[in-house]
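# no sequence on this one, just coordinates:
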C-alpha cells in the first residue's frame with residue numbers, strides 16, 4: 001500500500017457557498033465603477049479573480065505582496081480610478097504599515113478579505129492572524145464589514161463601496177470562512 005497523495009483543495013462549503021456569490025460581488029464592484037483590481041492569488045477569491053480578469057474594462061494586477069495593493073489603491077485614486085484590493089486574512093498583517101498612508105492621507109480604500117482561521121480551519125498558523133484581523137483593521141481606522149451568508153454578499157459589497165468612495169472611508173469586507181468553504185488536505 002502506497003502513501004496517500006496529499007492534495008490541497010476545497011473542503012465542503014456551506015449551503016450558502018453553493019450560490020454564485022462571487023458574481024454578485026463582481027457586479028457590485030462594477031456598479032460602483034471600480035476600474036482596478038489587485039490581488040495576491042488566493043483560492044477564496046479564485047472565481048472573483050477570474051471574473052475580473054475576463055472583463056476587458058478592468059485593469060487586474062497580480063501582486064507579490066498585499067501591501068503593494070494598498071499603494072496601488074492610493075495611486076489609482078490619485079489617478080482618478082476606483083480600485084479594490086483582494087487578499088486573504090493572513091495578508092492583512094502585511095499591510096499594517098501601508099495602511100498608515102491611507103489613514104494619514106484620507107484616501108478612500110476598499111479591500112475584500114477572504115478569511116482563514118475560522119470555521120473548520122485545520123492549519124494552526126492561520127488562526128492567530130484571522131482572530132486579530134478585525135481589531136488590527138479597526139486600529140488602523142478601517143471600517144470592518146463581515147459577511148458569512150451568500151445572500152448578503154452583493155448588498156454588503158455595494159454598501160462597502162459606497163462607504164469607501166462616497167463616504168471617503170477605508171473599508172474591509174471580510175468574507176467569512178463559513179461562506180467561502182473550508183480547505184483541507186484530501187487523500
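Received the coordinates, thanks. Note that the structure is predicted; figures quoted are calculated from it, not measured. Numbering: from 1, shown residues only.
# remind me which helix or strand residue 68 belongs to.
helix 66-78 (DSSP states H and E).
# measure stretch 134-147 end to end?
12 Å (CA to CA, to the nearest Å).
# and residue 64, what does it touch?
residue 40 (CB atoms under 8 Å, 6 or more residues apart in numbering). C-beta here means a position set from N, CA and C on the backbone, and glycine is covered the same way.
# measure it to residue 38 for me?
The gap separating residue 64 from residue 38 is 11 Å, by CB to CB, to the nearest Å.
# residue boundaries of the helices in this protein?
With helices called from DSSP state H, the chain shows them at 21-31, 46-54, 66-78, 89-92, 96-105, 127-139, 150-161, 177-180.
# those helices: which one's closest to residue 171?
Residue 171 lies closest, by CB to CB, to one member of the helices of the chain: helix 150-161, at 4.6 Å.
# run through the protein and note the low-pLDDT ranges.
Applying pLDDT under 70 to the chain flags the ranges 1-19, 117, 121, 183-187.
# recalculate using a threshold of 90.
Within the chain, the segments meeting pLDDT under 90 span 1-20, 42-44, 90, 115-132, 177-187.
# elements contacting the helix holding residue 68?
Judged by 3 or more CB pairs under 8 Å, 6 or more residues apart in numbering; DSSP states H and E, helix 66-78 is in contact with strand 34-39, strand 82-88, helix 96-105, strand 109-114.
# turn the ones you listed into a markdown table, including mean neighbour count and distance to residue 167.
A markdown table is the format used below for the helices and strands packed on helix 66-78 (neighbours: other CB atoms under 10 Å; distance: least, CB to CB, whole Å):
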| stretch | mean neighbour count | distance to residue 167 |
| --- | --- | --- |
| strand 34-39 | 23 | 15 |
| strand 82-88 | 26 | 13 |
| helix 96-105 | 15 | 14 |
| strand 109-114 | 27 | 11 |
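# tabulate these in CSV, adding columns for distance to residue 53.
Below are the helices and strands packed on helix 66-78 laid out as CSV (distance: least, CB to CB, whole Å):
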stretch, distance to residue 53
strand 34-39, 9
strand 82-88, 11
helix 96-105, 24
strand 109-114, 15
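# to residue 59, which of the ones you listed lies closest?
Nearest to residue 59, of the helices and strands packed on helix 66-78 and by CB to CB, is strand 34-39 at 4.7 Å.
# just to revisit the earlier point, CSV for the helices of the chain, including distance to residue 60?
Below are those laid out as CSV (distance: least, CB to CB, whole Å):
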stretch, distance to residue 60
helix 21-31, 11
helix 46-54, 5
helix 66-78, 11
helix 89-92, 17
helix 96-105, 20
helix 127-139, 24
helix 150-161, 17
helix 177-180, 20
